[in-house]
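Trainee: sequence and predicted structure are below.
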Amino acid sequence: MTAAETPKIAFQDRLLSLGLARVSEAAALASAHLIGRGDEKAADQAAVNAMREQLNLLDITGVVVIGEGERDEAPMLYIGEEVGTGNGPAVDIALDPLEGTALTAKDMPNALTVIAMAPRGSLLHAPDVYMDKLAIGPGYAPGVVTLEMSPAERVRALARAKGCAADEITVCILDRDRHEAMIADVRRTGAAIRLITDGDVAGVIHCAEAHITGIDMYMGAGGAPEGVLAASALKCMGGQIYGRLLFRNADEKARAAKAGITDLNRVYARDDMVTGDVIFAATGVTMGSILPGIKREPGWVTTETLLMRSKTGSVRRMIYKTPVK
């Protein structure tokens, strides 16, 4: 039988979802003993090693499309690396083995392990450059806010759609010098701002559960790969996200060309970044507003994982207790 005649193996998202949760849990558990130890690289490497090991146990023919960097820059889980046993469906993998390495090293809130899986060709191959992002939760008409609006216009537009005053809106923004003008513009509306030091995947997910987190909107420039992961989460939970790639030099434009991107000014909506059904898993490492962190107690370590499927819109919270040897 030729390769062209080989039957395509269906993407069984329900069956694969529990395996993906296991991958996320393993990465979190591997980094547990490095929480608060001040070593970002060691924490990240521990999560990478565990995630890779578990991925290679899954019956998938996987390719990492969002990973730890280019092959010559990342010893494991690099972009283009093949994972899985090779005996299952062809899938794209997007991952951040430890989103918030600095948060983990300093024992600060909202460090997560994050991974998404979708049928081959479903995930945007975003280059490792910045992306201007804008996200809101479910329940709003498409395009109620846009990247073309100023930060203040976005706040006022969302307030009108929500039926509230602008000063009742809360915006999540990465605390970076590049966002100084954005922060000032948002503050002029009277809206509140929750500044975060790292972890913009978590920042976007906050919007999907505004009634719990208090966050209505996320905006600002962060990593493009994290944008695809965030879009994967919102594909499952509902909500809108828009992203435009930002390029600082010719080398970054060359990375985009290598990823097959020709329109450098394109605005990507959620369903442009994730075109098919997707599974998403995230496990809390440090205490956060989305997930509790790893809990260590005599004889046990406990994790909590958020496991989601876009096909059904299911959102599970899974608690896993493992004995300490």
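Mentor: Everything's here; your move.
Trainee: what about Y268, how many residues nearby?
Mentor: For Y268, the neighbour count with other CB atoms under 10 Å is 24. The way it works is simple: take the backbone N, C-alpha and C, and place the C-beta from them, glycine included.
Trainee: can I assume it sits in a strand?
Mentor: Yes: if the criterion is DSSP: H, G, I helix; E, B strand; the rest coil, then Y268 is within a strand.
Trainee: I'd say it and D132 touch.
Mentor: No: counting by CB atoms under 8 Å, Y268 stays clear of D132, with 10.4 Å between them.
Trainee: domain ranges for this structure?
Mentor: In the domain annotation for the chain, the residue ranges read 3-123+278-323, 130-273 (automatic domain parsing).
Trainee: now these in CSV, with mean pLDDT?
Mentor: Compiled in CSV, those are given as follows (pLDDT from 0 to 100):
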stretch, mean pLDDT
domain 3-123+278-323, 92
domain 130-273, 96
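Trainee: can you pull out the helices in the stretch 1-150 of the chain?
Mentor: 13-31, 40-55, 101-106 (DSSP state H, counting those that start in this stretch).
Trainee: so can I have TSV of those showing distance to I241?
Mentor: Converted to TSV, the helices of the stretch 1-150 of the chain look like this (distance: least, CB to CB, whole Å):
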stretch	distance to I241
helix 13-31	21
helix 40-55	24
helix 101-106	22
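Trainee: just the CA atoms of stretch 10-23, as PDB, please.
Mentor: Taking C-alpha atoms only, stretch 10-23 is exported to PDB below (Å, rounded to 0.1, in the frame of the first residue of the first chain):
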ATOM      1  CA  ALA A  10      -9.500  10.000  12.500                       C
ATOM      2  CA  PHE A  11      -8.700  12.500  15.200                       C
ATOM      3  CA  GLN A  12     -10.500  10.900  18.100                       C
ATOM      4  CA  ASP A  13     -10.500  14.000  20.400                       C
ATOM      5  CA  ARG A  14     -12.400  12.300  23.200                       C
ATOM      6  CA  LEU A  15     -10.000   9.400  23.400                       C
ATOM      7  CA  LEU A  16      -6.900  11.600  23.100                       C
ATOM      8  CA  SER A  17      -8.000  14.200  25.600                       C
ATOM      9  CA  LEU A  18      -7.200  12.200  28.700                       C
ATOM     10  CA  GLY A  19      -3.700  11.400  27.300                       C
ATOM     11  CA  LEU A  20      -3.100  15.100  26.700                       C
ATOM     12  CA  ALA A  21      -4.100  15.900  30.300                       C
ATOM     13  CA  ARG A  22      -1.500  13.300  31.500                       C
ATOM     14  CA  VAL A  23       1.100  15.100  29.400                       C
END
